[in-house]
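**Student:** Sequence and predicted structure below; questions after.
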Amino acid sequence: MAPSDALEATWRLIRETNAYLEANEPWKADPGPAVDAVMGDALEVLRIVSVLAWPAVPTAAAEVWRRIGLDGSPSDARLPGSATWGGYPGGLTVEKGTPLFPRIKP
């Protein structure tokens, strides 16, 4: 077991998804299939990250899970199957909320 390696891989997935969003800039595009695809990918990553990060940050992971409209909890998910691509059902209501990890101002 290497928990620090698992968390680093999870944070790398977050960084790569952030770069993907910045490259595609869905906030600048007109609504349509291209934006839906980018946002669908982002929601799928949030689902997977919730599962992978749950042991380290259970409250935040559960809140992300809830905000992206999923029932239950990431604690109910079992690896490795729950971390495979394609588990987000789509068509769910996504809730905006306050930042889970607000930036600390110097």
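**Tutor:** Good, I have the coordinates. Since we're looking at a predicted model, the values are computed, not measured. Numbering: from 1, shown residues only.
**Student:** contacting residues around the nearest residue to residue 62 once chain neighbours are set aside?
**Tutor:** Of all residues beyond its chain neighbours, the one nearest residue 62 is residue 73 (5.3 Å), with distances taken as Cβ to Cβ, 6 or more residues apart in numbering. C-beta coordinates here come from the backbone N, C-alpha and C atoms, glycine included. Residues touching residue 73, when contacts are defined by Cβ atoms under 8 Å, 6 or more residues apart in numbering, comprise 54, 62, 65.
**Student:** Looks like the last one contacts residue 47 (just checking).
**Tutor:** Think residue 65. Yes: the pair residue 65 and residue 47 qualifies as a contact (Cβ atoms under 8 Å) at a distance of 7.4 Å.
**Student:** List the contacts of the residue nearest to the spatial centre of the chain.
**Tutor:** Residue closest to the average C-alpha location in the chain (Cα atoms, centre = their mean): residue 46, at 1.0 Å. Contacts for residue 46 were tallied using Cβ under 8 Å, 6+ apart; they are 64, 68.
**Student:** Give me the mean pLDDT for the host helix or strand of it.
**Tutor:** For residue 46, the enclosing helix or strand under DSSP states H and E is helix 33-53. Per-region confidence: helix 33-53 scores 96 on mean pLDDT.
**Student:** Show me which residues of that helix are buried.
**Tutor:** Within helix 33-53, the residues that qualify as buried by neighbour count (16 or more other Cβ atoms under 10 Å) are 35, 38-39, 41-53.
**Student:** Tell me the helix or strand right after it.
**Tutor:** The C-terminal neighbour of helix 33-53 among helices and strands, as given by DSSP H and E, is helix 58-67.
**Student:** Could you grab the helix/strand/coil label for residue 69?
**Tutor:** coil (DSSP: H, G, I helix; E, B strand; the rest coil).
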